[in-house]
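> structural data only, the sequence is not supplied:
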Ligand SMILES: Nc1ncnc2c1ncn2[C@@H]1O[C@H](COP(=O)(O)OP(=O)(O)OP(=O)(O)O)[C@@H](O)[C@H]1O
């Protein structure tokens, strides 16, 4: 029987590409800890670029096929790890300890941006990532209620604020610091100093992802907030009907102008599935975000149903992904989170997403 060498393994895997990054696993440094065992068995670890990898199944079958094609290989055993990389490493404006900031925005209010932010953060955490959630929605912070957290954050060193913790997430909200009615009337310097405090003075520790819930719309506050951090990109949330989607087109154009990559759209309140007869009703229309995403040349990252358990979870402080992890609703959020994590990995490898320029 021919002797298998580590070189054979690496050479076979240098022909297997990560389907999203379009580079081979060896150049991406994803192949680790190769062990050649007696009788032609191979064991190795694949370090994915995110524990929430949407393409793990495809990578697994490609790796197994490539290794089994080496003469003399009798079995292949894979272990999985993840090394989340920092997005857009060449730029400044980092939040200390945070590898990737994922902005969540919306063209208009009330479309479920905070619900998506929280469930995104919780789903990434469930996949094994370390995650923070920063609620910077100055005019309507809903994260305190949605996480069940209250009280004031403490400072251990007199300079930085400690985030609170809920459902395995580190959480900070402008709602912990000020009365929203007070924030409503802030202008200029007050607003700037509150934004800076939120972005610079929170002791996050080491995070793979910080999900940043922006204020809705295309005004000054979401724009300056998003420019003060180097984000991996922005996820735009919309309901499916045309009036909401028209605002998303506006939002996308704004973020394009300031060169923040738009990772894609999440369609929220996509369908109402009757809990009694299981019939689907497209209350706010359906499929609109998919058509808009296609027209703008950006991905549709997920479709979240309009559902009672999602609303109740938000009101009770336990997101549906945590309270009902096996439900269809949680599955929809997890699929969305994997798609977003995949797009963030693409950004961290600086492979450009298609950008559609308006006008
Ligand atoms: N898919 C859904 N199914 C049922 N209820 C939902 C869904 N998404 C959001 N909601 C509910 O709609 C309300 C508004 O949601 P949310 O606060 O997330 O929106 P928002 O876009 O962040 O609003 P804001 O304009 O305050 O920023 C909440 O009561 C929330 O529980």
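Yes, it's here. The shown structure was predicted, so the numbers you read here are calculated from the model rather than taken from an experiment.

> give the buried residues for stretch 295-309.
296, 298-307, 309 (16 or more other CB atoms under 10 Å). In short, each C-beta sits where N, CA and C put it, glycine included.

> just those: which are in strands?
With strands taken from DSSP state E, the overlap with these comprises 300-306.

> quick one: contacts for residue 336?
Counting by CB atoms under 8 Å, 6 or more residues apart in numbering, residue 336 makes contact with 116, 119-120, 123, 266, 301-302, 304.

> out of the residues you listed, which touch the ligand?
Contacts with the ligand within the contacts of residue 336, counted by CB under 6 Å from any ligand atom: residue 304.

> pLDDT and distance to residue 67 added to the contacts of residue 336, as JSON lines?
Shown next, in JSON lines, are the contacts of residue 336 (pLDDT from 0 to 100; distance: CB to CB, whole Å):
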{"residue": "116", "pLDDT": "98", "distance to residue 67": "39"}
{"residue": "119", "pLDDT": "98", "distance to residue 67": "37"}
{"residue": "120", "pLDDT": "98", "distance to residue 67": "34"}
{"residue": "123", "pLDDT": "98", "distance to residue 67": "31"}
{"residue": "266", "pLDDT": "95", "distance to residue 67": "37"}
{"residue": "301", "pLDDT": "96", "distance to residue 67": "32"}
{"residue": "302", "pLDDT": "95", "distance to residue 67": "33"}
{"residue": "304", "pLDDT": "94", "distance to residue 67": "38"}
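
> and which of the contacts of residue 336 is nearest to the ligand?
residue 304 (4.8 Å; CB to the nearest ligand atom).

> for that closest one, what are its contacts?
With CB under 8 Å, 6+ apart, residue 304 has these contacts: 112, 115-116, 119, 266-270, 310, 329, 332-333, 336.

> cutoff 6 Å now
For residue 304, the contact set (CB atoms under 6 Å, 6 or more residues apart in numbering) comprises 268, 270, 332.

> CSV for those, including secondary structure, pLDDT and distance to the ligand?
Compiled in CSV, those are given as follows (DSSP: H, G, I helix; E, B strand; the rest coil; pLDDT from 0 to 100; distance: CB to the nearest ligand atom, whole Å):
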residue, secondary structure, pLDDT, distance to the ligand
268, strand, 93, 5
270, strand, 84, 8
332, helix, 96, 9
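
> give me the number of residues near residue 215?
By the criterion of other CB atoms under 10 Å, residue 215 has 23 neighbours.

> again but with residue 115, I slipped
For residue 115, the count of nearby residues is 23 (other CB under 10 Å).

> the helix or strand where it lies vs strand 300-306, what angle?
Per DSSP states H and E, residue 115 falls inside helix 113-126. For helix 113-126 against strand 300-306, the angle by axes from the mean of the first three to the mean of the last three CA atoms, to 10 degrees is 110 degrees.

> buried stuff in helix 113-126?
Buried residues in helix 113-126, counted by 16+ other CB under 10 Å: 113-126.

> now the strands for this structure?
For the chain, the strands defined by DSSP E occupy 17-18, 23-24, 31-37, 41-48, 75-82, 98-106, 131-135, 164-166, 169-173, 207-213, 233-238, 262-273, 280-281, 300-306.

> who wins for proximity to residue 245 among these?
Of all these, strand 233-238 sits nearest to residue 245, with 5.6 Å by CB to CB.

> wait, residue 33 sits on residue 47?
No. Taking contacts as CB atoms under 6 Å, residue 33 lies outside contact range of residue 47: 9.1 Å.

> between the two, point out the one with more neighbours.
Set residue 33 next to residue 47 and count neighbours by other CB under 10 Å: residue 47 wins out with 17 against 11.

> report the beta-bridge partners for that one.
Assessed by DSSP bridges, residue 47 has beta-bridge partners residue 81.

> please name the nearest non-neighbouring residue to residue 39.
Closest residue to residue 39 apart from its sequence neighbours, by CB to CB, 6 or more residues apart in numbering: residue 74 at 5.9 Å.

> what residues does the stretch 51-200 of the chain put near the ligand?
When proximity is defined as CB under 6 Å from any ligand atom, the stretch 51-200 of the chain approaches the ligand at 106, 109-115, 137, 140, 142.

> highest neighbour count among those residues?
Of those, with other CB under 10 Å as the count, residue 106 tops at 31 neighbours.

> quick check: it touching residue 114?
No. The pair residue 106 and residue 114 fails to qualify as a contact (CB under 6 Å) at a distance of 9.5 Å.

> re the thing from before, can you redo the buried residues of helix 113-126 as JSON lines with distance to residue 132?
Output for the buried residues of helix 113-126, formatted as JSON lines (distance: CB to CB, whole Å):
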{"residue": "113", "distance to residue 132": "17"}
{"residue": "114", "distance to residue 132": "15"}
{"residue": "115", "distance to residue 132": "17"}
{"residue": "116", "distance to residue 132": "16"}
{"residue": "117", "distance to residue 132": "11"}
{"residue": "118", "distance to residue 132": "12"}
{"residue": "119", "distance to residue 132": "15"}
{"residue": "120", "distance to residue 132": "12"}
{"residue": "121", "distance to residue 132": "7"}
{"residue": "122", "distance to residue 132": "12"}
{"residue": "123", "distance to residue 132": "14"}
{"residue": "124", "distance to residue 132": "10"}
{"residue": "125", "distance to residue 132": "10"}
{"residue": "126", "distance to residue 132": "15"}
